[in-house]
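# Sequence and predicted model, in that order:
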Number of protein chains: 2
Amino acid sequence: MGYSPNPYAGFLRHHKSKTIALIAPELTNNYFIQAISGAESVAQEKDYHLLIYCTNDEFAKEESILKHLQNGRVDGVIMSLSTATQSYQHLNDLIQSGIPIVFFDRICHEIETAKITTDDFTSGFNATEHLIQNGCKDIAYLSISENLSIDNKRKQGYLEALNKHNIEAPASRIIKCTVDEKANFKKIKQLFQSDKIPDGIFASIEKLALTTYYVCNELNINIPKDTKVICFSNLRTAPLLNPSLTTITQPAYEMGKQAAAILFKNLDKKRSLIGNENIILKSELIVRDSTKK
Amino acid sequence: MGYSPNPYAGFLRHHKSKTIALIAPELTNNYFIQAISGAESVAQEKDYHLLIYCTNDEFAKEESILKHLQNGRVDGVIMSLSTATQSYQHLNDLIQSGIPIVFFDRICHEIETAKITTDDFTSGFNATEHLIQNGCKDIAYLSISENLSIDNKRKQGYLEALNKHNIEAPASRIIKCTVDEKANFKKIKQLFQSDKIPDGIFASIEKLALTTYYVCNELNINIPKDTKVICFSNLRTAPLLNPSLTTITQPAYEMGKQAAAILFKNLDKKRSLIGNENIILKSELIVRDSTKK
């Protein structure tokens, strides 16, 4: 029989696993749940199984999951990067092993493949202009990670809207948050304990808007009277919050669906290298009470 | 070489996949996200991967996932049943193929194995008594599925508390909801459009409490003045809702952790048949404004 270095891997290379994986940085965020649901609808049509992996926004976990997938357990991957990811060798390694990746939302520009995002710059611009039109003159931006392309685009939109309306944008109004929720609470509390509190908050992700609500509750700051709040969010309970939360809502289900559709298009053609393609879907501004004049 | 009926399956029977699966009926429910997180913490310690599967509360999907897992893709399974599951052959088949199952929350009494639940009867009793103590005399129970053991236990607790306080429990106050959210909205709306609206709502699961909020918003019914609302929930935004929502909160993280710990204890001993064991953890009543006197 001779020596076979890895019969298992060899076997799998010639057989389809009929399974794809979706890798998300967090599951407490309704955006990802809706994207999963969209991807799953396509997988089901194709009679494929969808495995869900969560990186908890940790780079080491993301690396470990991708390594785990190299053995051919799945035919392809749909993923959103963790906020901590700054190197891309693990992504290249997976693609080199013959397993294609399609990115959605938290994409990696440095890898050639298909990428599904929303119009983050325009939405960031519109969100900020909405605050300005409702009377805000001193708007803080809550950033989640400088590593993330989507965060940078949202911030660029924010800066551009301030610029258009001749509003100064001091660096101190860009609050660098992280995945450490307690530290974020402290930072946002400090912001509202200063002599001059911002009259508007633009949170790059939902979690930071909720932390702002908790801080304002604690400090007896009235939303929207004292400060208005807007954020990117697919939160189901946004209309039921006190006050109801104005959101920029991404077409999460559609994004998951399109990511899966592109992956299957390439799997059907037995292509593991997917050509570069940027698909940009529109987000929607849903005005509620948290930004009321 | 002769004929080998299934070398792939044979190979896997002798090798550990270093992977376990968690099967949940839905992911939009924060209870399951927290349970996943608890199970994952144990899997990580054991240097195992955790695969997440979602049945969307569909029996056919649950069957298909379990069949898919029979090929040895995972070493063991932690699961919560779909609300539609009424037969158990697929569960027995998986166990017979050498892959043990541990149940949590939506358990199956008919299968011999370990089962992690909360004190659903006592919590249902306490929730109902809390409403009675805050002045409710006409409490409706929103059921999600008669197939679910946990739903029946919560309902039994509700009935027992009414009985203790000599409050009649007409069958018309037990509202049979399903996974069809639009139909639930209609049913709950009907309840609040009758001549005499209930002065208390006990929702067996969070989703039904949120639907009650939407119905009350639409019909201008004030919570808690006109009707008080309590439900089983691990909703992160419960304190931020208008009004903040009184909940019975399950130790979801701990339940996921214990389910995984028991599974690994048996995997370590190479046991695929797990002895019957009922582990019951305590839920916590967290009083907020939705049940205020």
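Ah, there it is. Numbers count the residues shown, from 1 in each chain, chains lettered A, B, ... in the order given.
# what sits against residue A:188?
A:142, A:175, A:177, A:208, A:211-212, A:215 (Cβ atoms under 8 Å, 6 or more residues apart in numbering or on different chains). Where you see a C-beta, it was placed from the backbone N, CA and C, and this is true even at glycine.
# And it, how far from residue A:144?
12 Å (Cβ to Cβ, to the nearest Å).
# which ones are touching whichever residue of chain A sits closest to chain B?
Nearest to chain B in chain A, going by Cβ to the nearest Cβ, is residue A:242, at a distance of 3.4 Å. When contacts are counted by Cβ under 8 Å, 6+ apart, residue A:242 touches B:240-244.
# Excluding residues flanking it in the chain, which one is nearest residue A:124?
residue A:157 (2.5 Å; Cβ to Cβ, 6 or more residues apart in numbering or on different chains).
# I'd like to know how far that neighbour sits from residue A:163.
Counting by Cβ to Cβ - residue A:157 and residue A:163 are separated by 11 Å.
# Could you check which of these two has the larger neighbour count?
residue A:157 (23 against 13; other Cβ atoms under 10 Å in any protein chain shown).
# tell me which element that one is part of?
helix A:149-164 (DSSP states H and E).
# wait, doesn't the residue nearest to residue A:124 sit right on residue A:121?
Yes: under the criterion of Cβ atoms under 8 Å, residue A:157 makes contact with residue A:121 at 4.4 Å.
# Can you give me the buried ones in stretch A:90-108?
Counting neighbours by 16 or more other Cβ atoms under 10 Å in any protein chain shown, one finds that the buried residues in stretch A:90-108 are A:90-92, A:94-95, A:97, A:99-108.
# do the same with stretch A:125-140
Result for stretch A:125-140 [16+ other Cβ under 10 Å]: buried residues A:125-132, A:134, A:136, A:139-140.
# Span of it from start to end?
End-to-end distance of stretch A:125-140: 13 Å, with Cα to Cα, to the nearest Å as the criterion.
# What confidence value was assigned to the residue of chain A closest to chain B?
Per-residue pLDDT puts residue A:242 at 97.
# swap in the one 10 residues further on?
For residue A:252, the pLDDT comes out at 97.
# That one: what's it in contact with?
Residue A:252 touches A:30-32, A:34-35, A:38, A:234, counting by Cβ under 8 Å, 6+ apart.
# quick one: which two of those are the most distant?
Pairwise distances across those peak at 12.6 Å for A:30 and A:38 (criterion: Cβ to Cβ).
# Looking at these two, which is more packed in?
residue A:38 (23 against 20).
# For the closest residue to residue A:219 other than its chain neighbours, the count of nearby residues, please.
Distances taken as Cβ to Cβ, 6+ apart put residue A:192 closest to residue A:219, at 5.5 Å, once the chain neighbours are dropped. Per other Cβ under 10 Å, the neighbour tally for residue A:192 reads 18.
# what sits against residue A:192?
Counting by Cβ under 8 Å, 6+ apart, residue A:192 has contacts A:198, A:215-216, A:219, A:221, A:227.
# Of those residues, just say which sits nearest to residue A:63.
Nearest to residue A:63 among the contacts of residue A:192, counting by Cβ to Cβ, is residue A:215 at 34.1 Å.
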